[in-house]
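Student: Next come a sequence and a model predicted from it.
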Amino acid sequence: MHENEISKIIVDSCLRIHKKLGPGLLETVYEEVLFYELTRKNLRCKRQIAIPVIYENIKMDIGFRADLIVEDKVIIELKSVENIMPVHKKQLLTYLKITGMKLGLLVNFNVELIKNGVTRIVNNI
């Protein structure tokens, strides 16, 4: 399955979750429910995966933790904040570069309309 197909399923799932739960819950709640939705749709999904960072000859076992990785192709960074800051987008782009993945979705559930809370971040597409 291509990244764009996966992305559509993820965004549709976020829309469904936001319709049912609304904004204002903890990020961990949205993560749990989104994980459930995606695995229910037979997508291979991993939560809170430690990603190592290699700097010169030093390997650090945990450079960051990915909220969700879907089909080993798309990283989802979840937020439940008043405003997405520019650094959130830069962080996700860095995660994509470190992993070599091409697509990331930054999803902020703390918005009135979820379409305003989803940002696509691409790495060398």
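Tutor: Great, that's in hand.

Student: Grab the longest strand from this structure for me.
Tutor: strand 58-70 (DSSP state E).

Student: For that strand, name the packing helices and strands.
Tutor: helix 27-40, strand 45-55, strand 74-79, helix 86-99 (3 or more C-beta pairs under 8 Å, 6 or more residues apart in numbering; DSSP states H and E). All C-beta spots, glycine's among them, are computed from the backbone N, C-alpha and C.

Student: who does the residue nearest the centre of the chain bridge with?
Tutor: Taking C-alpha atoms, centre = their mean, the centroid of the chain lies closest to Ile76, which sits 0.9 Å from it. Beta-bridge pairing for Ile76 (DSSP bridges): Leu68, Leu105.

Student: what about the helix or strand that contains Ile10, average pLDDT?
Tutor: Using DSSP states H and E, Ile10 maps to helix 3-21. What helix 3-21 shows for mean pLDDT is 97.

Student: Need the winner for burial among the helices and strands packed on strand 58-70.
Tutor: Of those, the one with the most neighbours on average (mean count of other C-beta atoms under 10 Å) is strand 74-79, at a mean of 23.

Student: if we look at it, which residues are touching it?
Tutor: 3, 6-7, 10, 27, 30-31, 34, 66-70, 88, 91-92, 95-96, 99, 101, 103-110 (C-beta atoms under 8 Å, 6 or more residues apart in numbering).

Student: cool, and stretch 96-103?
Tutor: 3-4, 6-7, 51, 53, 63-64, 66, 69, 72-75, 95, 104, 120-125.
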